[in-house]
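Asks: Output the structure for:
(2 chains)
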Amino acid sequence: MSLLEVTDLRVSFPTADGVVQAVRGVSFNVERGQTLGIVGESGSGKTVLTQSLLGLTPGGQISGKAMFDGVNLVGLGAKDLQRLRGKEIAVIFQDPLTSLHPLYKVGWQITEMIRSHDKSITKAQAMNRAVELLGHVGIPRPRERVNDYPHQFSGGMRQRAMIAMAISLSPKLIIADEPTTALDATVQAQILDLLLRLQRESDTALLMITHDLGVVADIADNVMVMYAGRAAEKATKRDIFYQPHHPYTKGLLESIPHSSAARDRLRPITGQPPSLINLPSGCAFGARCAYVMDRCLTEQPPLVPVGDAGEHRSACWLPPAAIGLDSETEDLRRQAVALGRGDRAAKVAEAIAAAPESEGSVIV
Amino acid sequence: MSDQLISQASSASDASADADGDTLVRVENLVKHFPVRGGGLISRTVGQVQAVDGISLTIKRGQTLGLVGETGCGKSTLARCIAGLIPITSGKVIFDGRDITNLSRRAMQPVRREIQMIFQDPYGALNPRRRVGSIIGEPFAIHGTATGAERKREVQELMERVGLNPEHFNRFPAEFSGGQRQRIGVARALALRPKLIICDEPVSALDVSIQAQVLNLLSDLQRDFGLSYLFIAHDLEVVRHVSDAVTVMYLGKVAESGPGDQVYEHTRHPYSAALLSAAPAADPDAAAARQRIILTGDVPSPINPPSGCRFHPRCPKAQELCGTTEPALESKAGDPSTHLTACHFPVEAGENLAAAGRKDQQ
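Replies: Now for the predicted structure:
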């Protein structure tokens, strides 16, 4: 049994302008000791998805199922969720300065965390544990630094302190939401190394949310690519990078600069993500997709197995065999498009080609 | 003595560049210190933040110089000094053959037309209460170069040029997406037909698919208008993609500079090597095969920079000499004359710094 099994999770927010469908039926599993990377752009729903699991999305309407170690997180009361947070599931956020309280010493914040979940631990014991934890995450002279305020720490050290807090109660799952985005490359490397080391030591499962494909390539075992509140593609890391099926995944991979093709023209994805209030009836990516077919405009593609391995799934109407970035696969895609593209899709494709790089409509 | 060496090295490499007149910007031994004032009744200067400490570089016409370094290395301060936004402590900025160091406000005014900036946060850089047309038209108003209907026509041409719908002239910044807002910033920078645009992390806040759109736009504009860019970013792949030449900064000094291929493929400075090895590669096999040089500790304070080579406390190759003598920025044996490195013990081809670093840590 997986540690976390999420089935058909939906989260929506009623607003004055209409209902924002932030997460629209997402299923995934996280295994013990493994890392699942969730990749997506701003507004793809990746953060809302994980926050809804922990009851951190007030005002959101949540449905579906999220079995964590035998307990359904959806519908769990505030008190039960609070007991789980920190003890069983810990979260590391992007910005460690706003996650740490500026007026309390770092050590005090860690002991508070420990003692709020286990009252039998004395303050002195908790403080010793805090020093030990800070040392463990690589903060020099932890016995002195434990009495520092967050502003006395550098960005990398604050993130280390957050990680120390996250692991203080030996959680089974750590959710890291863009943990290294605000950090410099050399510090990012240190933090990723630290997360991997801690994971190996204690068999913790890691759910890594990021927009950075480089981070995913580094530490994920499996990857889920999200687009407009749904999973576009799910596979092992290697399949996502070398055998992508969904045109959005392919587009993401092609739009990042590669050292091998320095100074060549980049190939961005045209247009911008749709508004989550009035979603198109078919595939949400249809209006930006170079392979758009008639079917894509009316029917939402289900997440189905593609390629040869059963674990690789993609939500796209292109033939399941069309995986990879080579020219033969490209021929396969072109053939499918030639058959499946009628007048309607041809018009959309024309619009995409006519505005190759400028962004489409204004978001209101 | 080391400063002398640096200026010698740079003037040697500049002499040839200046001769054929293709140098747009020449920065000579630029120093920018910020005073640190103590508390108490009478505030007095108790120290100096040595943000930029003796930097020399050149930007060629129609080319892009990439500036790389971590938070606090002084790259944004350097950019502001070149743009004339903050006074310089010492050193020189020569723009288009003219010394523009610490010019008066009035004397600087015509120069400002030719040097423009694009900032990281496209929303923070635009006044949310003003319509896009008036934001892009502001440079014309300030410099009195176009008014009324002519200004509107110019603004709409600019909007079209950067891929915005000219009919959206009357909208507010809030009505645009992040990528479109950055296009507004680009249109405003372009309004007075500058020669140099300083791009300070222009795509860092954008999603990858949108980032590629903006990078392509910048490269089109460079081709069409013969622009020079000073391109600051922390994403090394992005910098490599756009730059002809790259300068790596560490704690207010140049660690390494040279043509992009040289700096990336034949890296000589251990800091550049560490930075490159730490950059995430969107390729699992490359990521697995790579030997990461994990630097220990944090960047030291620029108020009390380490003696000798400023990188020596974190350097896997540091020896006694590094702590006492500052290395000169010079071309090392086997490198072309344009590839400069400030290191006593530069990285040799095939050397494995990752192993050296590990050993040190244990």
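Asks: Roughly how far does the nearest residue to A:Q51 once chain neighbours are set aside sit from chain B?
Replies: Here the nearest residue to A:Q51 in space, its sequence neighbours aside, is A:T57; by Cβ to Cβ, 6 or more residues apart in numbering or on different chains that works out to 5.0 Å. C-beta: built from backbone N, CA, C; applies to glycine. For A:T57, the distance to chain B equals 22 Å [Cβ to the nearest Cβ, to the nearest Å].
Asks: and A:T57, helix, strand or coil?
Replies: Here A:T57 takes the coil state, with states given by DSSP: H, G, I helix; E, B strand; the rest coil.
Asks: Isn't it up against A:V11?
Replies: Yes. Using Cβ atoms under 8 Å, A:T57 is in contact with A:V11, at 6.3 Å.
Asks: what is in contact with the two at once?
Replies: Between them, A:T57 and A:V11 share these contacting residues under Cβ atoms under 8 Å, 6 or more residues apart in numbering or on different chains: A:V48.
Asks: which of those two has more neighbours?
Replies: Just comparing A:T57 and A:V11: by other Cβ atoms under 10 Å in any protein chain shown the higher neighbour count belongs to A:V11, 24 against 19.
Asks: Tell me if that one really is in a strand.
Replies: Yes. In this structure, A:V11 lies within a strand as judged by three-state DSSP.
Asks: ranges for the strands of the stretch 201-350 of chain B?
Replies: Assigned by DSSP state E, counting those that start in this stretch, the stretch 201-350 of chain B shows strands spanning B:228-232, B:245-250, B:253-259, B:329-331, B:340-342.
Asks: So which of the ones you listed is the most surrounded?
Replies: strand B:340-342 (a mean of 28; mean count of other Cβ atoms under 10 Å in any protein chain shown).
Asks: How far does it sit from its chain's centre?
Replies: Strand B:340-342 sits 17 Å away from the centroid of its parent chain (Cα atoms, centre = their mean, to the nearest Å).
Asks: before we move on, what about stretch B:324-335?
Replies: From the chain centre to the centre of stretch B:324-335 is a distance of 22 Å (Cα atoms, centre = their mean).
Asks: try stretch B:223-242
Replies: Chain-centre distance of stretch B:223-242: 9 Å, with Cα atoms, centre = their mean.
Asks: quick one on the thing from earlier: would TSV of the strands of the stretch 201-350 of chain B with mean pLDDT and distance to chain A be doable?
Replies: Compiled in TSV, the strands of the stretch 201-350 of chain B are given as follows (pLDDT from 0 to 100; distance: least, Cβ to the nearest Cβ, whole Å):
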stretch	mean pLDDT	distance to chain A
strand B:228-232	96	12
strand B:245-250	95	11
strand B:253-259	96	11
strand B:329-331	94	21
strand B:340-342	96	18
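Asks: so which of those strands comes closest to A:E330?
Replies: Of all these, it is strand B:228-232 that lies closest to A:E330, at 32.6 Å by Cβ to Cβ.
Asks: tilt between the closest one and strand B:245-250?
Replies: Here strand B:228-232 runs at an angle of 30 degrees relative to strand B:245-250 (axes from the mean of the first three to the mean of the last three Cα atoms, to 10 degrees).
Asks: can you list contacts of strand B:228-232?
Replies: B:24-25, B:59-67, B:75-76, B:79, B:82, B:195-202, B:218, B:222, B:239, B:242-243.
Asks: Near chain A, which residues of the stretch 101-250 of chain B? Just list them.
Replies: Neighbours of chain A within the stretch 101-250 of chain B, by Cβ under 8 Å from any Cβ of the partner chain: B:163-165, B:168, B:171, B:175-180, B:183, B:207-213, B:215-217, B:219, B:234, B:236-238, B:240-242.
Asks: If you go by neighbour count, which of those residues are buried?
Replies: B:163-165, B:168, B:171, B:176-180, B:183, B:207-213, B:215-217, B:219, B:234, B:236-238, B:240-242 (16 or more other Cβ atoms under 10 Å in any protein chain shown).
Asks: what sits against whichever residue of the stretch 151-300 of chain B sits closest to chain A?
Replies: Closest residue of the stretch 151-300 of chain B to chain A, Cβ to the nearest Cβ: B:P280 (2.5 Å). B:P280 makes contacts with A:185, A:188, A:212-215, A:217-218, B:287, as judged by Cβ under 8 Å, 6+ apart.
Asks: Just want the residue of chain A that's nearest chain B.
Replies: At 2.5 Å from chain B, A:G214 is the closest residue in chain A, using Cβ to the nearest Cβ.
Asks: so when I look at that residue, I'm seeing a helix, right?
Replies: Yes. Under three-state DSSP, A:G214 sits within a helix.
Asks: so it sits right up against B:A282, yeah?
Replies: Yes. Contact criterion Cβ under 8 Å: A:G214 and B:A282 qualify, at 4.9 Å.
Asks: if we can go back for a sec, would you convert the strands of the stretch 201-350 of chain B into CSV that also reports distance to A:Y227?
Replies: Converted to CSV, the strands of the stretch 201-350 of chain B look like this (distance: least, Cβ to Cβ, whole Å):
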stretch, distance to A:Y227
strand B:228-232, 30
strand B:245-250, 34
strand B:253-259, 39
strand B:329-331, 47
strand B:340-342, 44
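Asks: May I ask which helix or strand encompasses the closest residue to A:K123 other than its chain neighbours?
Replies: Distances taken as Cβ to Cβ, 6+ apart place A:T111 nearest to A:K123, at 6.4 Å, with adjacent residues excluded. Element membership of A:T111, judged by DSSP states H and E, is helix A:106-117.
Asks: next one: A:A182
Replies: Applying DSSP H and E, one finds A:A182 in no helix or strand.
Asks: any idea of the pLDDT on it?
Replies: Looking at A:A182, its pLDDT is 75.
Asks: okay, now it: neighbour count?
Replies: Residue crowding around A:A182 was assessed by other Cβ under 10 Å; the count is 18.
Asks: And stretch A:287-295, what's buried?
Replies: A:287-289, A:291-295.
Asks: er, stretch A:75-87 actually
Replies: A:76, A:81, A:84-87.
Asks: Then stretch A:148-164?
Replies: In terms of neighbour count (16+ other Cβ under 10 Å), stretch A:148-164 has its buried residues at A:148, A:150, A:153-164.
Asks: can it be found next to chain B?
Replies: Yes. Stretch A:148-164 is in contact with chain B by Cβ under 8 Å from any Cβ, via A:154-157.
Asks: So A:M226: helix, strand or coil?
Replies: Following three-state DSSP, we place A:M226 in the strand state.
Asks: Just give me the closest of the contacts of B:P280 to A:A345.
Replies: A:L213 (28.6 Å).
Asks: Skipping adjacent residues, who's closest to that closest one in space?
Replies: A:L213 sits nearest to B:A282 (Cβ to Cβ, 6+ apart), 3.9 Å away.
Asks: Might you report the residue contacts of that neighbour?
Replies: A:213-214, A:216-217, A:241, A:253, A:256, A:258.
Asks: farthest-separated two in those residues?
Replies: Largest pairwise distance in these, by Cβ to Cβ, is 15.7 Å, between A:V216 and A:H258.
Asks: between these two, who's got more neighbours?
Replies: Comparing A:V216 with A:H258 by other Cβ under 10 Å, the one with more neighbours is A:V216, at 28 against 16.
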